[in-house]
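Visitor: how does the following fold in three dimensions:
(one chain, ligands or ions: 1)
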Amino acid sequence: MFQQSSGDSNESLVENMCNSNLITHPLVESAFKVDRSQYAPREPYKDSPQLLSHQATISAPHMHAKAVNSLLPFLLPKDEIVGVKGRPRRVLDIGSGSGFLVHVFAELVGETGVVVGVDHIEELRNLGETNMRKSDEGIELLNSGRVHFRLGDGRKGWSGQSSTDADKEDGWDAIHVGAGAIRLHDELVRQLRSPGRLFIPVAEEESWFSDQYIWTVDKDEKGNVTKTKHYSAKYVWLMGAPEGPLGASVEDSSERL
Ligand code: SAH
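Guide: Just a heads-up that it's a prediction; the model follows:
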């Protein structure tokens, strides 16, 4: 069904995603003008994932759209939603891969926001940044400090392990995990702001053969946490870095969902 959204240009891809209601908000439509050809190594306008390297893929456009739709209330500057000035948005993209979603998130958070992309493979961390440097807008986002790409184990979130300002601050309005987690890592929930939302594919059972389901975890203004299971998905696994044992588990005591 989603193949119907494929296009022969970025414009037609976005138009088709609008026609199939994958994109319904004008600001999301605008953010998806980021040209996928700068991020996907081949068939950029096809609505399917494309291989990058290290078995990573750039997700299909419809998966990107679904993730953005889900996180949207926590991406837009608060004055877009309630007409009052809020504190700047802070967004974390774990498993940044191609960097495409980092760019889209940066368009949505506006001039005051900060987006940090984390990948655990250096070549892929660099790929996101290199891809972003293909456009003037991308260069501006990097140079202005609104976007950072970091190397790290995303299962631990990101809490500013470098000396630079932007990612030293605490907490995230939105955390997107672009890889399937074997369990819901408590640390990611802990790093959510109140309010904030985590979007994460999680294994149904603790096995690399398990099905994955998209979960959202909401933290409300009082810090109450609500976990909601959505639809099934198939992402690359969120795992230990390649030089360690496959799937080396991060030290945490997160419970199964
Ligand atoms: N959102 C990206 C998806 C890339 S695929 C895109 O559409 O381009 C998943 C990515 O998760 C890969 O780049 C992989 O290297 C990364 N990844 C897997 N385990 C990770 C971990 N523990 N920490 C950070 N990144 C991880």
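Visitor: A helix includes His62, no?
Guide: Yes - counting by DSSP: H, G, I helix; E, B strand; the rest coil, His62 is found in a helix.
Visitor: that one against Val14, yeah?
Guide: No - using C-beta atoms under 8 Å, His62 makes no contact with Val14, being 11.8 Å away. For every residue, glycine as well, the C-beta is placed using N, CA and C.
Visitor: those two: which is more packed in?
Guide: Set His62 next to Val14 and count neighbours by other C-beta atoms under 10 Å: Val14 wins out with 25 against 21.
Visitor: name the helices or strands packed onto the helix or strand hosting that one?
Guide: Secondary structure assigned from DSSP states H and E places Val14 in helix 10-19. On a contact count with 3 or more C-beta pairs under 8 Å, 6 or more residues apart in numbering; DSSP states H and E, helix 10-19 meets helix 61-71.
Visitor: show me what the helix it packs on is packed up against.
Guide: helix 10-19, helix 26-31, helix 100-109, strand 172-177, strand 192-203, strand 212-219.
Visitor: of all the ones you listed, which lies closest to the ligand?
Guide: Nearest to the ligand, of all these, is helix 100-109, at 5.0 Å by C-beta to the nearest ligand atom.
Visitor: how about that closest one as CSV, C-alpha atoms only?
Guide: Taking Å, rounded to 0.1, in the frame of the first residue of the first chain, the C-alpha atoms of helix 100-109 are listed here in CSV:
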residue,chain,number,x,y,z
PHE,A,100,17.6,12.6,7.3
LEU,A,101,15.4,12.7,10.4
VAL,A,102,17.9,14.9,12.2
HIS,A,103,17.5,17.5,9.4
VAL,A,104,13.7,17.1,9.4
PHE,A,105,13.5,17.5,13.2
ALA,A,106,15.8,20.6,13.0
GLU,A,107,13.4,22.2,10.5
LEU,A,108,10.5,21.6,12.8
VAL,A,109,12.0,22.8,16.1
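Visitor: which secondary structure elements does that helix contact?
Guide: Looks like helix 100-109 contacts helix 26-31, helix 61-71, strand 90-94, strand 114-119, helix 122-132, helix 136-143, strand 147-151, strand 172-177 (3+ C-beta pairs under 8 Å, 6+ apart).
Visitor: any chance of TSV for the ones you listed, columns mean pLDDT and distance to the ligand?
Guide: Shown next, in TSV, are the helices and strands packed on helix 100-109 (pLDDT from 0 to 100; distance: least, C-beta to the nearest ligand atom, whole Å):
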stretch	mean pLDDT	distance to the ligand
helix 26-31	98	15
helix 61-71	98	6
strand 90-94	97	6
strand 114-119	97	5
helix 122-132	97	4
helix 136-143	97	14
strand 147-151	97	9
strand 172-177	97	8
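Visitor: indicate which one of those is closest to Thr216.
Guide: Checking the helices and strands packed on helix 100-109 against Thr216 by C-beta to C-beta gives helix 61-71 as the closest, at 6.0 Å.
Visitor: what distance separates that closest one from the centre of its chain?
Guide: 9 Å (C-alpha atoms, centre = their mean, to the nearest Å).
Visitor: quick check: angle from that helix to strand 172-177?
Guide: 150 degrees (axes from the mean of the first three to the mean of the last three C-alpha atoms, to 10 degrees).
Visitor: got a list of contacts for helix 61-71?
Guide: 2, 5, 13, 17, 22-25, 28, 31-32, 36, 47, 49, 59, 75, 91, 100-101, 104-105, 108, 174, 176, 178, 197, 199, 214, 216, 230, 233 (C-beta atoms under 8 Å, 6 or more residues apart in numbering).
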